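Peer 1: Sequence and predicted structure below; questions after.
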Amino acid sequence: MTVNNAVSNRIKKLLKEKKMTQYRLEILSGIQHGSMQCIMNGRNKTVRLNTVMMLARGFDMSLLEFLDDELFRSDELEID
């Protein structure tokens, strides 16, 4: 699994947990719809740290809380 896939899966999980739409997350995080679509559809090969920070803020959580998931602890996570 790539880092982008892990971020996308984490977003999906949090959207469901928080009963939030992707559109609402885009508004709260300040991430444009096209950029969010690239992340969610796997067209984006790399996710920058500032994007992850914006996502965390959109979910009203710290960066560490966003990254605190098994997805990011997996030995099979491709970091290239």
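Peer 2: Happy to help now that I have it. These numbers were taken from a predicted model, which means no experiment stands behind them.
Peer 1: what ranges do the helices span in the chain?
Peer 2: If DSSP state H is used as the criterion, the helices of the chain fall at 3-17, 22-29, 33-40, 49-58, 63-67.
Peer 1: Compare those and give me the one nearest residue 76.
Peer 2: helix 3-17 (10.1 Å; CB to CB). For glycine as for every other residue, the C-beta is placed from the backbone atoms N, C-alpha and C.
Peer 1: now the angle from that closest one to helix 49-58?
Peer 2: 10 degrees (axes from the mean of the first three to the mean of the last three CA atoms, to 10 degrees).
Peer 1: Buried residues, helix 3-17. List them.
Peer 2: Neighbour-count burial for helix 3-17, counted by 16 or more other CB atoms under 10 Å, picks out 3, 4, 6, 7, 8, 10, 11, 14, 15.
Peer 1: got any ranges where the protein has weak pLDDT?
Peer 2: Under the criterion pLDDT under 70, the flagged ranges of the chain are 80.
Peer 1: re earlier: pull the most distant pair out of the buried residues of helix 3-17.
Peer 2: 3 and 15 (18.6 Å).
Peer 1: Tell me how far residue 27 lies from residue 21.
Peer 2: 9 Å (CB to CB, to the nearest Å).
Peer 1: With residue 65 instead?
Peer 2: Relative to residue 21, and taking CB to CB, residue 65 is found at 20 Å.
Peer 1: for the residue nearest to residue 13 when sequence neighbours are not counted, phi and psi?
Peer 2: Nearest non-adjacent residue to residue 13, counting by CB to CB, 6 or more residues apart in numbering: residue 69, 7.4 Å away. When read as degrees, to the nearest 10, the backbone of residue 69 gives phi -150, psi 150.
Peer 1: and residue 69, what does it touch?
Peer 2: Contact analysis of residue 69 by CB atoms under 8 Å, 6 or more residues apart in numbering lists 6, 10, 13.
Peer 1: residues near the nearest residue to the first one once chain neighbours are set aside, how many?
Peer 2: Using CB to CB, 6+ apart and skipping residues adjacent in sequence, the residue nearest residue 6 is residue 71, 4.2 Å away. When neighbours are counted by other CB atoms under 10 Å, residue 71 registers 17.
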